[in-house]
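# model this:
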Amino acid sequence: MRIFDGVVLKITKGKKEKFSDLADWAVAIMGAAAFFIAGFLGLVLSDVVPETIKISNKVGITLDGLLLGVLLLALSLKFWFFGNIAARCNGILYERWFQ
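Alright, predicted model coming up:
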């Protein structure tokens, strides 16, 4: 348990790093991972949201529909978050490698 507490303490009390302070390989790995996560979430949302709208137009707003809306909102926020991380990493690598 002391090892776990030490790791948590090191993570939470450590110096916060910016994306621009990281090495190229770390930015590239983080950007690629964020790109794949955002791409997957985008594909899921592009399939589910239009069908959800069609069904809610036929049935109306129900409790299940509201819960599904909250779930889709959470997935959309995750999509936005990881998309912004991927875009930021792309911008950093573009500045370092091509300018």
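# can you give me the first-to-last residue distance of stretch 9-18?
19 Å (CA to CA, to the nearest Å).
# same question for stretch 53-71.
End-to-end for stretch 53-71, by CA to CA: 14 Å.
# number of nearby residues for residue 55?
12 (other CB atoms under 10 Å). The C-beta positions use only the backbone N, C-alpha and C, and glycine is treated the same way.
# residues touching it, list them.
residue 65 (CB atoms under 8 Å, 6 or more residues apart in numbering).
# how about the residue most central in space within the chain, secondary structure?
Residue closest to the average C-alpha location in the chain (CA atoms, centre = their mean): residue 82, at 2.5 Å. Of the three states, residue 82 takes helix according to DSSP: H, G, I helix; E, B strand; the rest coil.
# name the element the nearest residue to it once chain neighbours are set aside belongs to?
Residue nearest to residue 82 in three dimensions, not counting chain neighbours: residue 38, with 4.0 Å by CB to CB, 6 or more residues apart in numbering. Using DSSP states H and E, residue 38 falls within helix 24-59.
# tell me how far residue 62 lies from residue 78.
24 Å (CB to CB, to the nearest Å).
# circling back: hang on, the residue nearest to the centre of the chain packs against residue 32?
No - using CB atoms under 8 Å, residue 82 and residue 32 do not qualify as a contacting pair, with a distance of 11.3 Å.
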